[in-house]
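Chemist: need a structure here:
(chains A and B)
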There are 2 protein chains.
Amino acid sequence: MPDHLTNRRRKEITSLRQKKYRDELAEMLVEGKRSVEAALDAAAPLKDIVVADSVATTPDIRQITDRATVPVYVVSDEDIEGLSAVETSQGILAVVAIEADASSDLRAASMILALDGLQDPGNVGTLIRTAAWFGIDAVATAPGTVDIYHPKVVRAAMGALWDLRRARLDDLPALLAKYKRGGYSVYGADLQGTDVRDWRPASKSVLVLGSESHGISPGVAALLDERIVIGGGATRRGTESLNVAVAAGILMHAWVS
Amino acid sequence: MPDHLTNRRRKEITSLRQKKYRDELAEMLVEGKRSVEAALDAAAPLKDIVVADSVATTPDIRQITDRATVPVYVVSDEDIEGLSAVETSQGILAVVAIEADASSDLRAASMILALDGLQDPGNVGTLIRTAAWFGIDAVATAPGTVDIYHPKVVRAAMGALWDLRRARLDDLPALLAKYKRGGYSVYGADLQGTDVRDWRPASKSVLVLGSESHGISPGVAALLDERIVIGGGATRRGTESLNVAVAAGILMHAWVS
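Modeler: Below is the predicted model of the structure:
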């Protein structure tokens, strides 16, 4: 006998596409087979799983729901589309608790990636996936950055969200100032500075990435110990730029070397 | 007096979201302000521009249409949504000719990026953008790879498509065999091999990237001179992987160094 999804819970789940309600309920949506599986693999704090009637008994979905130790709700295909924040639901979604992500969570992190104003959720999710792959300890976001629990960030991160510590900060400059006093070096990706090939990062370090359009904000830029640039752009017209997730990948590769 | 878009031309433009018709008409769609502007900047072979009535006289759009030397059609907002291959049109699109992209176009290219089975149009567009940024000469695609003139590839490439030579190949192994006889070295991204930090690429070289799920196809793998791996993945659970566009960025950065 499957559990019954109350109207109240249904409304709560639907509201999770908005940051306001994610913050209020301290929950996020994780959608699709691959992402829900990744959340289970990463021992993320799941709260419920919802599956569409039409796929509930398929081997793919059963493999996931059989592992779950939380309620599994079976709803109509129409209902799951209503709950889902993506265009076409794969018929499975999970609600996962957002655990405290205060700046205290960054303690004992020796490599911290700080995102300053990045807006594209796909890029931010890919960045988090890359950071987890390189074993970066933590990701911190400044105001003006897309919420790291936005459904599209979660999807692009492919489970990596639970592989590093996370802090959504109100005041990135204050945090950087504190870490600098604690012996950390603060680096920032920029258009001029030390070529990434010559970069010798300190063992305790923060790497700041700004947005593709506006770069690093002035308050943060003032605190940088060193600016790092990706050279080698022998562009034909000089108008091209690197995608921020690609640039970040090149920088992180050098950071861990 | 704006030009009049005939029904016949309207049908042709609508058909360009399908590869079959792009090949038949040797034309592709370029959508959105930034992409159409990039196409103009890159001196791409534009054929027509279509703008929505509601935005036709805005400064942003006028700045683009004033530069154009091809017919500019003004249509209703409803009509442009019908012509557009994207979800929400920005009210401007251009038709651009696909010029001959036979393998003969790779001649005189000393660095060739070969895509073997990559399916995601956003990743392929980002890859092309990165390749142009690093001054790679040409991109070649094997069968099974998303069409480089797919609207979503064109959008993610952000104008870079016209900054390098392009060849959609029927037989990548045949081309690689020919280039090897001509003194080129063929490298492939793989999970085992030479660490990218120790890679010393030959001046005339081809770099092959396979798909995230299937890697490089067997016929191509047999022709590789050296496999290159991105090390440093100190992953916590070992299940993470790098996004293919990020991995390609790291490899291309080493390639041009």
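Chemist: which residues sit in contact with A:L164?
Modeler: Contact analysis of A:L164 by Cβ atoms under 8 Å, 6 or more residues apart in numbering or on different chains lists A:128, A:131-132, A:136-139, B:236. Bear in mind the C-beta positions are built from the backbone N, C-alpha and C, glycine included.
Chemist: Among these, which one lies nearest to B:P173?
Modeler: A:A132 (35.3 Å; Cβ to Cβ).
Chemist: Name the nearest residue to that closest one, sequence neighbours excluded.
Modeler: A:A160 (3.6 Å; Cβ to Cβ, 6 or more residues apart in numbering or on different chains).
Chemist: Kindly state the pLDDT recorded for the one you found?
Modeler: The model reports A:A160 with a pLDDT of 90.
Chemist: what's the neighbour count on it?
Modeler: 27 (other Cβ atoms under 10 Å in any protein chain shown).
Chemist: And it, how far from A:M111?
Modeler: Remark: distance between A:A160 and A:M111 (Cβ to Cβ, to the nearest Å) = 15 Å.
Chemist: max-length strand in chain A?
Modeler: strand A:185-195 (DSSP state E).
Chemist: That strand packs against which elements?
Modeler: Under the contact criterion of 3 or more Cβ pairs under 8 Å, 6 or more residues apart in numbering or on different chains; DSSP states H and E, strand A:185-195 touches helix A:172-181, strand A:205-210, strand A:226-229, helix A:244-255.
Chemist: Give me the buried positions along that strand.
Modeler: For strand A:185-195, a neighbour-count test (16 or more other Cβ atoms under 10 Å in any protein chain shown) marks A:185-190, A:193 as buried.
Chemist: again with stretch A:28-42
Modeler: Here stretch A:28-42 shows A:28-33, A:35-40, A:42 as buried, counting by 16+ other Cβ under 10 Å.
Chemist: Could you check the pLDDT of the nearest residue to A:G159 once chain neighbours are set aside?
Modeler: Spatial nearest neighbour of A:G159, chain neighbours left out: A:A38 (2.4 Å); criterion: Cβ to Cβ, 6+ apart. What the model reports as pLDDT for A:A38 is 88.
Chemist: show me where pLDDT drops low in chain A?
Modeler: Applying pLDDT under 70 to chain A flags residues A:1-2, A:100-104, A:232-240.
Chemist: ok, how many other residues are close to A:T69?
Modeler: 7.
Chemist: OK, contacts around the most centrally placed residue in chain A?
Modeler: Closest residue to the average C-alpha location of chain A: A:I148 at 4.2 Å, with Cα atoms, centre = their mean. Residues in contact with A:I148 (Cβ under 8 Å, 6+ apart) are A:124, A:128, A:139, A:141, A:161, A:166, A:168.
Chemist: Tell me how far the longest strand of chain A lies from the chain's centre.
Modeler: 23 Å (Cα atoms, centre = their mean, to the nearest Å).
Chemist: contact partners of it?
Modeler: A:176, A:179-180, A:199, A:201-202, A:204-210, A:215-216, A:220-221, A:223-231, A:247-248, A:251.
Chemist: That one pairs with which strands?
Modeler: Strands adjacent to strand A:185-195 in the sheet, as given by DSSP bridges, are strand A:205-210 (parallel), strand A:226-229 (parallel).
Chemist: all helices of the stretch 1-150 of chain A, in order?
Modeler: Taking DSSP state H, counting those that start in this stretch, the helices of the stretch 1-150 of chain A run over residues A:7-15, A:19-25, A:33-41, A:59-65, A:77-83, A:121-133.
Chemist: Return the most buried member of the ones you listed.
Modeler: Compared across the helices of the stretch 1-150 of chain A, helix A:121-133 shows the largest average neighbour count, a mean of 26 (mean count of other Cβ atoms under 10 Å in any protein chain shown).
Chemist: Pull the residues that contact it.
Modeler: Residues contacting helix A:121-133 (Cβ under 8 Å, 6+ apart): A:113, A:115, A:118, A:139, A:145-146, A:148, A:150-158, A:160-161, A:163-164, A:209, A:243-245, A:248-249, A:252, B:122, B:233, B:235-236, B:240-243, B:245-246.
Chemist: Buried only: go through these for me.
Modeler: A:113, A:115, A:118, A:139, A:145-146, A:148, A:150-158, A:160-161, A:163-164, A:209, A:243-245, A:248-249, A:252, B:122, B:233, B:240-243, B:245-246.
Chemist: burial count for the residue of the stretch 51-200 of chain A found nearest chain B?
Modeler: Nearest residue of the stretch 51-200 of chain A to chain B: A:G135, at 3.2 Å (Cβ to the nearest Cβ). Counted with other Cβ under 10 Å, residues neighbouring A:G135 total 17.
Chemist: that older thread, return the most buried member of the strands paired with strand A:185-195.
Modeler: Mean neighbour count (mean count of other Cβ under 10 Å) peaks for strand A:205-210 among the strands paired with strand A:185-195, with a mean of 24.
Chemist: in the very next helix or strand once past that one, what's buried?
Modeler: Next along the chain after strand A:205-210, taking DSSP states H and E as the criterion, comes helix A:218-221. Within helix A:218-221, the residues that count as buried by 16+ other Cβ under 10 Å are A:220-221.
Chemist: Before I go, just wanted to say thanks for your time.
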